Every structure is written in C-alpha cells, then in structure tokens.
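Colleague: A structural model of the following input is requested.
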Amino acid sequence: MSKRKKIFLAAAATALIMFVFLAVIIHKGAQSFDQYATPKESFAALKSNPNDLMAHRELADFYTTQRQYEKAVTELRKIRNLSPDDRFNQLQLGNTLAVAGHKEEAMEIFTQLSKGDDKVASYAKQYISKYSNAASKT
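Modeller: Sure thing, here's the model as predicted:
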C-alpha cells in the first residue's frame, strides 16, 4: 500500500472516530464532556476516583486525537466495564479497535451491537460493511 494511501486511510479513520465522538456527545446531551480541561486534570480525578466515567471519556478522547489508539482502547474498555449498557461507548470502542488494527474483536462488537433497532445498531451495520469491504480490498 502506498504511503499516500496509508495517510489518507489514517485521516479517514481519525475523521470517523471523531464522528463517533460527536454522536456520543449528542447522545449524552445534558452531560458535560468538558469536565476536565486537560489530561492532567483527568488523571488527578482518577486518583481520587478510579471510576470517574468523565475522566476516562476525556482521556479516551485525548488519546484518540493524539492517534494513541491503544491507550484510547484501554480507556474505552474501562468505560465499558463501568457502564456496560452504554452502547455508544461500545460502538466507539469497536471503531477504535478497528483503527488500531484489532478488526476481528471490533467485528465481534459491531455484530453484537447490530442486533438492536436503534442508531447504534445502524452505525454498527455500517461499520461491519466498511471494515468487511476494507478487509477484502487488502
């Protein structure tokens, strides 16, 4: 694969993840996602409360924007453990896993999420199609 194509795919993946973050923000509407202005504040919050969902969300967002996908996955897994019914987080986890190269695990998450009849299921079906097509092209 050419360097130009790799750069384009990385940019497209980042844009897609940011789209998922936007969906999460809209979904959570009333909750403030800017509770901690910096990662340092998020780490400080987690020292006093390791179960602080907002701190984990802020760190996942920060790591994603920095393209540190493995660290973002770690934070998203923590959120899943703390809030297992948060389907938007699971969608975000699946997408971040796919971008990080863990497509098989991502597809398992998308398949499970696609069984619903909400927006998350619709997005999950789109991701299944996207990553299935991407796998067949490589």
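
Colleague: for residue 52, see how far away residue 115 is.
Modeller: According to Cβ to Cβ, to the nearest Å, residue 115 and residue 52 sit 30 Å apart. Using the backbone N, CA and C atoms, a C-beta is placed for each residue, glycine as well.

Colleague: neighbour-wise, which of the two wins?
Modeller: Counted by other Cβ atoms under 10 Å, residue 115 and residue 52 do not tie: residue 52 has more neighbours, with 19 against 9.

Colleague: for that one, what are its contacts?
Modeller: Residue 52 is in contact with 42, 45-46, counting by Cβ atoms under 8 Å, 6 or more residues apart in numbering.

Colleague: which of these has the most neighbours?
Modeller: residue 42 (23 neighbours).

Colleague: now stretch 59-73, how far from the chain's geometric center?
Modeller: In terms of Cα atoms, centre = their mean, to the nearest Å, the centre of stretch 59-73 is found 9 Å from the chain centre.
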